[in-house]
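# fold the following.
(2 chains)
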Amino acid sequence: MGFVHERRRGLWFLVVLGLILVIAWPVRPTLAQPKDTLVIALPIEVPSADTHLAIGLPAIGMAAQITDTLVVLDERGRVTPWLAESWTEEDGGRSLVFKIRDNVKMHDGRTLTADDVVFSIDRYRKVSIGRSSLAPVESVTTLPGNRVKLTTKAPFAPLLRTFTYQSIGMFSKAAIEKAGTDQEFAKHPIGPGPYKFVRLVRGDRMELEAFDQYWAGKPKIRRVIVRYVPDISARVAALETGDVDVIHDFTPQDAQRLKGDPNFVFINPPSAGFIRFNMNTVRPPFNDVRVRQAMAFAIDRDAIAREIFKGLAKVSRSLVPANAFGYVETYDIYRYNPERARTLLQEAGVPNLSFTFTYGAGRYLMDKEVVEAVQAQLAKAGVAMRINQMEWGQYSAMLRLPLERNPAQMSFTWWRTVNNDADSAIGIYTRRETPPRGNNVPFYVSDEFERLYEAQQTEADPEKRRGIIRQMQQALMQDLPAVPMYQQPIFWATRKNVVGYAKKVTSISTTWPLYDVEFK
Amino acid sequence: MRDYLTRRALFAIPSLLAVTVLIFLALRAVPGDPAVLLAGDFATMEELAAMRARWGLDRPLVVQYALFLSHLVRGDLGDSIVSDLPVRDEILQRFRVTVVLAFAAIGVALLIGLSTSLLGATRPYTVWDYGSTVVAMLGVSTPIFWSGMLLILLFAVMLGWLPSGGVGSWQAFILPAVSLGFSAAGIIARQTRSAMLDVLRQDYVRTARAKGLQERRVIDRHALRNALIPVVTIVGLEFGRMLGGAILTETVFSLPGLGSFLIISIAKRDYPVVQGIVLWLALAFVVINMLVDVAYAALDPRIRYA
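Numbers count the residues shown, from 1 in each chain, chains lettered A, B, ... in the order given. The predicted structure is shown next:
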C-alpha cells in the first residue's frame, strides 16, 4: 500500500502548503496604506460614463461626478445655484435665462462657456433616453455675458427644477466635436466635474481620479472606484470586510443591523420614489370607485411599513412623492378599516370580490413579501386576491398594452419625480399618458384633472401653482386610480471613516458632487 | 485522427446554424420589448419606435435573421442594444474572467475529486472511503450560492484573508474557484470512485498484482488510466458548463463573467448579446467535445478514430 502512503503524504503536503500560503498572505493591502480611494458598490453597473447616455439612477449619479449640473437641490429641496450662479424668468415665464459661473475649468483645460452649456443641453435633447423631460423647450441660445436662454412653447413652471436632474450634465463642446461621435465621446467624457474619467470596465467597475481644478474646491479623496456588486449579501459583506467603503441598496434586515453597528454609518434619505397599486378604472370590478376605495381601506399600509420595512419606509399618503413640490397628505382618508372595506364592497354589489394582482417579481425591494402581506390583509375583508408573478420584461411589456389587450386588473408599479416637483409624478394620470403611449396604467381619465394639469404647468406664481397641485391630489385621492402604498426606501451605508457622504445622497438614488467627502 | 476532427468540425456547422435559428426565434417569441426595457418609463411612443428602427427590430424577422447571418459570416456579432459596443468585444472581455474562473475551478475540482475518490476506492469500505463519500455528497448537494456565502463569511468577513469579490487581484479568484470547484469535485469523485472500484475488480488488475507489480504502478498504469475514460467525459461536461458561465458564483462573488452577463442580457432583451453568447457557448461545447474525444484516444490506445 505504498501508493496510498505516498498519496496521503502528498495530500497532506498540499493541505499544509495551502494553509501556509493563506496564513502568510498579507492582510488586505488597502488597510495598511493611507486611504485615498473611495470604493462604492452599486447594485447596477455604470453602463456609460456619459450622463447623457447612462441609464439607472444610481449609475447616473456616479457618472455625474465627471460632469456637473446648472443647479442643485439643497437639503430642504430648494433649487440652489451651481454651475449657473443665478437665473431669471423672462417673457412671462416662457424663457429662463441662466448666468453661467465664470472661470469654471474643465478636464481638457478649457473654461466652461455658455457655448458648452447650449451644446450640452442640445445634445441631451437629442441623445438621452430622458430627453422628453425637456420636450417643452423650443430653443436654447447663448446671450452676451456668459448667459444661456431657454425658451419654451408655453410657460413651463417645472423647467428650473428639471435642471437639477443629474443626467442633464454639462460637457466640453470641443471634446465632443473632437471625438466625432457620441459613442466615441462616451468612452472618455470630458466635463467640469470634481472627478476625471479614468476607465470603465464593463460589468465590473468605473474608475475616476480627482480633478484638482474643480471650481468648488479640490476633491479631498484622490480616487473613486464604482464597483458593480449585484448580490445584496455580497455588497453587505464587501462593506463589512472593508473591500468597499460605501454600499447602496440592501434589505431592511441588513439596514437594521448596520444601523445598530458603530462601525458603519447608515443613511436613509427621503425618497422621491413610491410604490402604487394601480387599478384598471375602465373595466369591472375596479371601474366602481367604491371598490377602489375598499381596497385602500382593506390594505394595512402602516403594518407593511412597520413589519416588512422595519419602520424604515414611510407610508405614501398621496399619489405624489412626499418630498415633491406641492405634496400634501391631508386627502388620505384611508386608514386601515376592513369593516369599512366590506361595507363599500357590499354597496358596490361585489361582497365576494375576487381578482388577479399582477407584478414583476423581484424588481423592487421586498416586493414579494409586500404582495403576499396584501393578499392576507385583503382576505380579512373577504377579498380573494390571486397573485400572478411575471418576469420583469414580460410584465413591463404587458403594462404598456392598449386597453383592449391589457389584462392587468391590479398591478404593482414604482413612480417618482426626477426634479422634486409634483409635475413629473402626477402627469401620468393624463389622457396622453394612457398605454401604449405612456404610464397611465389605471387608464384614468378626468376632464377636470386635465384642465388642472395644464393650469399648473403654465402658472408662474409658485403659491398659486401649489394650490392647483393640491386640488389635483384631492381629486386623485377621491377617485383613487391607484392606492399609494409606501415611499420606496433608499438605503446607503458607509464605513464610519467616510465623512460627509450622508449629505450627498439624493431622493432619487443619485449622488451630488463628492468633492468634499473625506476619510477621517 | 486529423480526418476525423475535420469531419467533426464540418458536422458542427449545421449544428451551429440550427442554434442561431433557435435562439433567434426563441428570443423574439418571448414577450418583452427591448425599447421599453431600455427607455424605461420616460419614453414616448415615437421615441420607442425610433429606438426599434435603429436596431432594425421593425423589419420582418426573415430580414433581421438574414442581416444577422450576413454579419456573422464576417465575424461580426453586431452591437449591444444596451451599451452600443460591439458584442464580440463585450463577450471577449467577460470570457477572460470566465476562462480564468473555469480553469481554476476545474483544477480545484480535479484536486479534490480525484484525490478523495482514489483515497476511498483504494481502501473500500474503510473510514477513508466513507470520508471521501461524505466529501463527494457534500460537494454534490451543497448549493453554490450557500457555499460561496459561507466562504465569504469565513475568509473575507471573519478572517479578512481574502477579498470578498471582484476581479481586482488574482486572490479574488480563490474563493469562487473553491466554491465552484467543490461542487464539480463531488460529481468527479463519485464517478471516479465507482469507475475505480469496477476496474480494480478486473482480471487484468489481479494479474498485474499477481505479477508482483508495486501497488502504485498497478493503480497508476492499469487501473486509473482505464477508470479515467468516463471521468474525462464528466470533466469535459463540467468544464463546458463552467465556460458557459457560473451564474451563481459570478453573482455571489461579483465577477463580471459570461454567465451573469447572459442573464442580465436576457432580462434586458439585448438580442444581439444573447445570440452572441449562446452561439459562443455552442462553439465552446463543440470544441470541448472534440478535445474529450482526443483525450479518449490518448488514454486508451485501443480507441482509434478513422
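# mind checking how far stretch A:51-62 is from the chain centre?
Once both centres are worked out by CA atoms, centre = their mean, to the nearest Å, stretch A:51-62 turns out to sit 10 Å from its chain's centre.
# show residues contacting that stretch.
Contacts of stretch A:51-62 from elsewhere in the structure, counted by CB atoms under 8 Å, 6 or more residues apart in numbering or on different chains, are A:40, A:42-48, A:63-64, A:66-67, A:120, A:123-124, A:127-129, A:166-169, A:171, A:182, A:186, A:206, A:224, A:226, A:248-249, A:506, A:508-512, B:38, B:40, B:84. Where C-beta positions appear, they are placed from N, C-alpha and C, glycine not excepted.
# can you tell me which of the residues you listed are in strands?
Secondary structure defined by DSSP state E assigns A:I40, A:L42, A:M206, A:V224, A:V226, A:H248 of those to strands.
# what residues are up against the second one?
Yep, that's A:L42 we're talking about. By CB under 8 Å, 6+ apart, A:L42 lies in contact with A:P58, A:A59, A:M62, A:V226, A:R227, A:Y228, A:V229, A:H248, A:D249.
# distance check, the residue nearest to B:V82 when sequence neighbours are not counted against B:L111.
Nearest non-adjacent residue to B:V82, counting by CB to CB, 6 or more residues apart in numbering or on different chains: B:D270, 5.0 Å away. The gap separating B:D270 from B:L111 is 37 Å, by CB to CB, to the nearest Å.
# need phi/psi at whichever residue of the stretch 1-150 of chain B sits closest to chain A.
Among the residues of the stretch 1-150 of chain B, B:G32 lies closest to chain A, at 3.1 Å counting by CB to the nearest CB. Backbone torsions for B:G32, taken as degrees, to the nearest 10, come to phi 130, psi 140.
# does the closest residue to it other than its chain neighbours belong to a helix, a strand or coil?
With CB to CB, 6+ apart as the criterion, B:G32 has its nearest non-adjacent residue at 3.1 Å, and that residue is A:G393. The three-state assignment at A:G393 reads helix, by DSSP: H, G, I helix; E, B strand; the rest coil.
# what about A:G393, distance to A:V383?
Distance, A:G393 to A:V383, by CB to CB: 29 Å.
# these two: who's more crowded?
A direct count of neighbours by other CB atoms under 10 Å in any protein chain shown for A:G393 and A:V383 places A:V383 higher, at 26 against 20.
# quick check: that one touching A:A348?
No - using CB atoms under 8 Å, A:V383 and A:A348 do not qualify as a contacting pair, with a distance of 11.8 Å.
# now do the contacts for the residue lying closest to A:H52 once chain neighbours are set aside.
What sits nearest to A:H52 in space, not counting adjacent residues and going by CB to CB, 6+ apart, is A:S128, at 4.7 Å. Contact analysis of A:S128 by CB under 8 Å, 6+ apart lists A:H52, A:L53, A:S167, A:I168.
# for the nearest residue to A:V79 once chain neighbours are set aside, grab phi and psi.
Excluding the flanking residues, the one nearest A:V79 by CB to CB, 6+ apart is A:V71, at 5.1 Å. A:V71 has phi and psi values of phi -140, psi 160 when expressed as degrees, to the nearest 10.
# isn't A:V71 right next to A:L96, touching?
No - counting by CB under 8 Å, A:L96 is not a contact partner of A:V71; they are 10.5 Å apart.
# common neighbours of those two, please.
Here A:V71 and A:L96 have A:W87, A:L160 as joint contacts, going by CB under 8 Å, 6+ apart.
# hmm, back to that, of the contacts of A:L42, closest to chain B?
A:V229 (4.3 Å).
# how about low-confidence regions in the chain?
Answering for chain A, as no chain was given. A:1-34 (pLDDT under 70).
# meant chain B actually
Within chain B, the segments meeting pLDDT under 70 span B:40-43, B:245, B:305-306.
# can you pull out the helices in it?
Taking DSSP state H as the criterion, chain B carries its helices at B:2-29, B:34-39, B:45-54, B:61-73, B:87-121, B:127-141, B:144-151, B:174-200, B:203-210, B:215-217, B:225-243, B:247-252, B:258-267, B:271-299.
# swap in the stretch 401-520 of chain A?
Applying DSSP state H, counting those that start in this stretch to the stretch 401-520 of chain A gives helices spanning A:422-426, A:447-458, A:462-479.
# tell me which of those helices sits most buried.
The densest packing among these, expressed as mean neighbour count by mean count of other CB atoms under 10 Å in any protein chain shown, is seen in helix A:422-426 with a mean of 25.
# as JSON lines, the helices of chain B with distance to chain A and mean neighbour count would be great.
Formatted as JSON lines, those follow (distance: least, CB to the nearest CB, whole Å; neighbours: other CB atoms under 10 Å in any protein chain shown):
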{"stretch": "helix B:2-29", "distance to chain A": "11", "mean neighbour count": "13"}
{"stretch": "helix B:34-39", "distance to chain A": "5", "mean neighbour count": "20"}
{"stretch": "helix B:45-54", "distance to chain A": "5", "mean neighbour count": "14"}
{"stretch": "helix B:61-73", "distance to chain A": "17", "mean neighbour count": "13"}
{"stretch": "helix B:87-121", "distance to chain A": "5", "mean neighbour count": "21"}
{"stretch": "helix B:127-141", "distance to chain A": "8", "mean neighbour count": "16"}
{"stretch": "helix B:144-151", "distance to chain A": "6", "mean neighbour count": "19"}
{"stretch": "helix B:174-200", "distance to chain A": "8", "mean neighbour count": "23"}
{"stretch": "helix B:203-210", "distance to chain A": "12", "mean neighbour count": "13"}
{"stretch": "helix B:215-217", "distance to chain A": "3", "mean neighbour count": "16"}
{"stretch": "helix B:225-243", "distance to chain A": "14", "mean neighbour count": "20"}
{"stretch": "helix B:247-252", "distance to chain A": "5", "mean neighbour count": "24"}
{"stretch": "helix B:258-267", "distance to chain A": "6", "mean neighbour count": "22"}
{"stretch": "helix B:271-299", "distance to chain A": "11", "mean neighbour count": "19"}
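# so for A:P269, which of the ones you listed sits nearest?
helix B:34-39 (26.4 Å; CB to CB).
# using CSV, write down the CA coordinates of that closest one.
C-alpha atoms of helix B:34-39 as CSV (Å, rounded to 0.1, in the frame of the first residue of the first chain):
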residue,chain,number,x,y,z
PRO,B,34,-36.0,46.0,-25.6
ALA,B,35,-37.1,49.5,-26.3
VAL,B,36,-39.5,49.7,-23.3
LEU,B,37,-36.9,48.0,-21.0
LEU,B,38,-34.1,50.3,-22.0
ALA,B,39,-36.0,53.5,-22.2
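# give the other helices and strands that it contacts.
For helix B:34-39, the elements it packs on are helix A:392-399, helix B:45-54, judged by 3 or more CB pairs under 8 Å, 6 or more residues apart in numbering or on different chains; DSSP states H and E.
# of these, which is nearest B:Y125?
helix A:392-399 (52.3 Å).
# how far does that closest one sit from the chain's center?
Helix A:392-399 has its average C-alpha position 20 Å from the chain's average C-alpha position, going by CA atoms, centre = their mean.
# ditto for stretch A:492-502
Here stretch A:492-502 shows a centroid-to-chain-centroid distance of 20 Å under the convention CA atoms, centre = their mean.
# in the stretch 351-500 of chain A, which residue sits closest to chain B?
With CB to the nearest CB as the measure, the residue in the stretch 351-500 of chain A that lies nearest chain B is A:G393; the distance is 3.1 Å.
# shouldn't that residue be in contact with B:R269?
Yes - shown here, A:G393 and B:R269 form a contact pair, counting by CB under 8 Å, at 5.5 Å.
# if I look at the two, which residues touch both of them?
Taking CB under 8 Å, 6+ apart as the contact criterion, the residues that touch both A:G393 and B:R269 are B:V30, B:G32, B:D33, B:L37.
# for PyMOL, write the select line for the buried members of these.
Applying 16 or more other CB atoms under 10 Å in any protein chain shown to the shared contacts of A:G393 and B:R269, the buried members can be selected in PyMOL as follows:
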select buried, chain B and resi 32+33+37
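# burial count for A:S167?
For A:S167, the count of nearby residues is 26 (other CB under 10 Å).
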